[in-house]
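Peer 1: Got a predicted structure plus its sequence, pasted below:
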Amino acid sequence: MEWRIDANIAVKVVVKEYLSEKAKALISDALDAETRLIVPHFFDDEIYGAVRKKVYIGEITDREGDIAFEDLKGLPVQFMPTAYLCDRAWEIAKQFNLRWLYDAFYVALAEERSCPLLDSRYGVIQGCEG
């Protein structure tokens, strides 16, 4: 089984914020069930950038940022190429009027792999079938 996780889930696992406990439990359950966590190839750019932004704007301390950075390095994810999904991502972005194309790549990857897409941007950790 595979789950496609969004960068915001990973950040919640290592930075204490709203829904962090639920994100940690979700990842723990996935690993216990030997579920592969798949992410697009640019995932690490997003997660490290998100943590750095939290330090920069004062949401977390430098020390908390350092710890989160190191913890993210150990997150057991499998990076997937996405270049072949460009056309589909573009169509998804247009269809849903998405500001950022990388969000559409997450959806396209989950769709292509027929796996749940796990995201937390809407106040709940949710999944949808691809």
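Peer 2: It's in.
Peer 1: ranges for the strands of this protein?
Peer 2: 2-5, 36-40, 77-80, 117-119, 126-128 (DSSP state E).
Peer 1: between those, which one is nearest to A89?
Peer 2: Closest approach to A89 among the strands of the chain is made by strand 36-40 (9.4 Å; C-beta to C-beta). To be clear about C-beta, it is placed using only N, CA and C from the backbone, and glycine gets the same treatment.
Peer 1: That closest one pairs with which strands?
Peer 2: strand 2-5 (parallel), strand 77-80 (parallel) (DSSP bridges).
Peer 1: For the last one, buried residues please.
Peer 2: Buried residues in strand 77-80, counting neighbours by 16 or more other C-beta atoms under 10 Å, are found at V77, M80.
Peer 1: Return the member of the strands paired with strand 36-40 having the minimum mean pLDDT.
Peer 2: With a mean of 91, strand 2-5 has the lowest mean pLDDT of those.
Peer 1: Mind listing residues that contact that one?
Peer 2: For strand 2-5, the surrounding residues in contact (C-beta atoms under 8 Å, 6 or more residues apart in numbering) are 27, 30, 35-39, 77, 106, 109-110, 113, 115-118, 127, 130.
Peer 1: And the strands of the chain: which comes nearest I92?
Peer 2: strand 117-119 (11.3 Å).
Peer 1: on that earlier part again, would you show me how to pick out the buried ones of the contacts of strand 2-5 in ChimeraX?
Peer 2: Provided next is the ChimeraX selection string for whichever of the contacts of strand 2-5 are buried by 16+ other C-beta under 10 Å:
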select :27,30,35,37,38,39,77,106,109,110,113,115,116,117,118,130
